[in-house]
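A.B. asks: Sequence and predicted structure below; questions after.
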Amino acid sequence: MDRPLPQPDQDTEFFWEGLRRRELLIQHCDECGHWIHYPKPACPRCGGTRVKPKAVSGRGVVHTYTVTHNAVPGFEPPFAVVLVDLEEQKGLRLVSNLIGVPPGDVAIGTPVEVVFTDVAPDVVLPLFKVRET
Ligand SMILES: [Zn+2]
């Protein structure tokens, strides 16, 4: 079985569309400068509704991770699921996979960067690899 694919809706379509253009777009509040993920209709910090997608660098560090040893449809165990702290804002985090590293070598604090990964026609995922510092 193939990896499960995202099911974009009107709130998340910009995110997946950006990935197809090799851009990692995160919602940003024009009123207070707060970054927002997952997408919301209003800023959770100031309540402002002028929230728009904006490109981020794709750089961050592994905030935490887990290694899955069980069989999961579409994934070859063992594999690492990481929570990446993006550099734009403390606590701005994405769930993803770390690629190119044996799961046993993943560590909290590892610098990472996004890898735009084609997984199906018109479907690009923001996976991460270790970043040289
Ligand atoms: Zn705001």
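C.D. replies: That came in fine, so what should we check first?

A.B. asks: With only the CA atoms kept, save the host helix or strand of Gln27 in PDB.
C.D. replies: Assessed by DSSP states H and E, Gln27 sits inside strand 25-29. Output of strand 25-29 as PDB, limited to C-alpha atoms (Å, rounded to 0.1, in the frame of the first residue of the first chain):
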ATOM      1  CA  LEU A  25       4.000  28.400   3.200                       C
ATOM      2  CA  ILE A  26       2.900  29.000   6.700                       C
ATOM      3  CA  GLN A  27       0.100  31.300   7.700                       C
ATOM      4  CA  HIS A  28       1.300  34.700   9.000                       C
ATOM      5  CA  CYS A  29      -0.600  37.400  10.800                       C
END
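
A.B. asks: So which other helices or strands are in contact with the following helix or strand past that strand?
C.D. replies: Following strand 25-29 in sequence order, the next helix or strand is strand 35-36 (DSSP H and E). Using 3 or more Cβ pairs under 8 Å, 6 or more residues apart in numbering; DSSP states H and E, the elements in contact with strand 35-36 are strand 25-29. The C-beta positions use only the backbone N, C-alpha and C, and glycine is treated the same way.
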